[in-house]
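**Q** build the 3D model from these lines:
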Amino acid sequence: MITDIIRRRAALGPDRTAFHTVETGERVSYAQLEDRSARAASLMADRGVRHGDRVAILCRNRVEFFEIMFACAKLGAILVPLNWRMPGAELKGLIADCTPTLMVTGAEDRDTAAIAIEDQRVTVLDLETDYPSARDAAKPHPGRTGWPEDETWYLIYTSGTTGQPKGVIQTYGMAMINYINIGQAIGLRGDDATLNFLPLFHTAGINLHTLPVLIAGGLVHILPGFEPGPMLKLIDEGALDVFIGVPACYRGLILHEDFAKTDLTRLRHWACGGAPLPDILVEQFADRGAVVCNGFGMTETGPTAFLVDPERALEKIGSVGKPQVMIDARIASHEGVPVAPGETGEIQFFGPGLTPGYWNRPDETEKLFTPDGWLKSGDLGRFDEDGYCFVAGRIKEMYISGGENVYPAEVENVLHEHPAVLEAAVAGVADEKWGEVGCAHIMLRPNQSAGEDELRAWCRERLAAYKVPKYVRFAADFPRTAAGKVQKHLLPEPETAQ
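**A** Prediction:
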């Protein structure tokens with residue numbers, strides 16, 4: 001059983017600031033957050049929400065999201081953050097899957113929410129027109145004595161890149177295990193401040209680092225999305241201590257005009273997840289005194305699993321580090337047998353912070369785990385002799401060219417070293433002679449140029465011939481998931497390969 005986190009934080013430090021909305025300057029103390037969450041719980045109960053009911057929420061990053069989240073915990077309801085990038089017609093499938101009693105939405109997504117729930121018996125709570133006054137008029141709900149650690153707190157739907165989106169169950173216990181894993185990895189302190197900007201329908205938007213910082217009693221700055229300028233200003237003011245972003249964030253920071261004059265050392269711990277951070281970006285930040293630590297995890301792992309330690313991040317560049325204190329990991333062959341250091345296989349996880357499974361998907365839940373209880377990630381990796389893990393990419397992304405395995409992450413890392421390349425995504429395409437060959441999709445840096453032959457030659461100087469992409473295509477941007485991962489199945493194939 002876990003205590004009511006926000007109630008305890010309000011008792012321990014009522015006047016400490018929990019949230020700061022960067023755009024408006026509004027500050028919400030822990031006492032205010034507890035009061036608002038308790039009143040929100042009463043408001044939701046008045047709208048028919050009971051223990052076990054689902055509460056869908058479709059909104060951008062804002063304090064009210066977390067008020068609703070903690071209100072659900074007080075009632076024992078299950079929060080379901082929805083992807084505001086999806087059209088209403090697509091969200092209908094998720095609504096049918098989770099069958100919410102209440103839909104909470106904001107002004108930007110009001111019309112989308114209406115389409116998503118049409119023909120469904122769902123009460124709507126509007127964050128602009130209904131929520132503030134109704135919340136403030138409600139009496140604070142007494143809440144539950146405690147939160148059972150194995151009970152579902154919220155659902156995070158997968159991106160659905162390989163099929164119908166699945167609701168990954170997130171328990172109260174998973175939240176506490178993640179707090180331990182990420183907290184000890186980054187040396188989280190009670191007075192630390194972080195930045196909330198990653199989408200809240202993604203596990204990182206909630207858990208990296210917002211919820212752990214709130215559990216610790218720290219401060220969360222909120223932006224509706226990633227903006228390099230405001231972030232660099234917060235760093236320069238000494239207002240940010242710990243940060244995690246996706247590679248696109250680090251590229252955005254480097255390209256911003258204020259990057260060169262910002263003292264990056266004022267932010268204590270830099271981390272990256274969601275997708276591999278190219279070595280060249282790690283080196284560019286290191287030149288400015290900022291050691292960026294690569295990490296790796298999944299929605300299903302809570303999410304923190306790996307994070308490289310700052311002391312060896314540059315020595316072990318490209319590594320995501322070692323498994324953290326409350327999770328174990330192994331590399332297994334296709335037959336499920338653990339392999340030796342240096343050998344590549346599937347990354348698998350074991351520990352108390354793993355999801356119990358997928359919402360209403362017993363068959364998919366069964367496929368997620370090995371017979372001996374290890375969670376199958378679907379990602380390839382290897383351990384070195386020191387126990388540091390290097391991720392090679394998704395199993396489905398590896399392709400075989402002329403009988404040789406090619407891991408796109410390795411080729412992408414070489415392309416990222418080219419001075420004109422901002423980002424590269426490599427995918428395998430069919431080929432009559434070799435079975436499969438690589439197609440490199442390239443985003444160039446502003447005011448830079450590079451030709452197909454030049455980039456192939458660059459790769460050939462640094463890679464075996466079978467790893468050199470046969471095709472090179474240029475793009476202004478790539479299709480991405482909420483975590484910034486490139487959706488390679490949506491990248492166009494070269495016409496000559498079709």
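
**Q** quick check on the closest residue to residue 328 other than its chain neighbours: phi, psi?
**A** Leaving out its chain neighbours, the residue that sits closest to residue 328 by CB to CB, 6 or more residues apart in numbering is residue 350, at 4.6 Å. C-beta coordinates here come from the backbone N, C-alpha and C atoms, glycine included. Main-chain torsions, residue 350, degrees, to the nearest 10: phi -150, psi 140.

**Q** next up, the contacts around residue 350.
**A** Counting by CB atoms under 8 Å, 6 or more residues apart in numbering, residue 350 touches 327-330, 373-375.

**Q** can you tell me how far it is from residue 296?
**A** Distance of residue 350 to residue 296, given as CB to CB, to the nearest Å: 15 Å.

**Q** so residue 192 is in contact with residue 239, correct?
**A** No. The criterion here is CB atoms under 8 Å, and residue 192 misses it with residue 239 at 11.0 Å.

**Q** please identify which of those two sits among more neighbours.
**A** residue 192 (22 against 17; other CB atoms under 10 Å).

**Q** give me the pLDDT for the more buried one.
**A** At residue 192, the pLDDT value in this model is 98.

**Q** the spatially most central residue of the chain sits in which helix or strand?
**A** For the chain, the residue nearest the mean C-alpha position is residue 204 (3.4 Å; CA atoms, centre = their mean). Element membership for residue 204 (DSSP states H and E) is helix 203-207.

**Q** so what touches that helix?
**A** Residues outside helix 203-207 that contact it (CB under 8 Å, 6+ apart) are 61, 69, 81, 154, 156, 168, 170, 175, 178, 182, 196, 198-200, 244, 246, 273-274, 299, 302-304, 482-483.

**Q** following that helix, which helix or strand comes up?
**A** Once helix 203-207 ends, the next helix or strand along the chain (criterion: DSSP H and E) is helix 210-216.

**Q** name the helices or strands packed onto that following helix?
**A** helix 5-12, helix 172-186, strand 193-196, strand 219-222 (3 or more CB pairs under 8 Å, 6 or more residues apart in numbering; DSSP states H and E).

**Q** just checking: what are the partner strands of the third one?
**A** Strand 193-196 has the following sheet partners, assigned by DSSP bridges: strand 219-222 (parallel).

**Q** which outside residues touch the partner strand?
**A** In contact with strand 219-222 (CB under 8 Å, 6+ apart) are residues 16-22, 61-63, 191-197, 210, 213-214, 234, 239-240.

**Q** go again using 10 Å as the cut-off
**A** With contacts defined as CB atoms under 10 Å, 6 or more residues apart in numbering, strand 219-222 is touched by 16-24, 26-28, 60-63, 65-66, 191-197, 209-211, 213-214, 230-231, 234, 239-241.

**Q** got a list of what residue 279 touches?
**A** Under the criterion of CB under 10 Å, 6+ apart, the contact list for residue 279 reads 294, 314, 317-318, 413-414, 416-417.

**Q** and the helices and strands packed on helix 210-216, which is most packed in?
**A** strand 193-196 (a mean of 26; mean count of other CB atoms under 10 Å).
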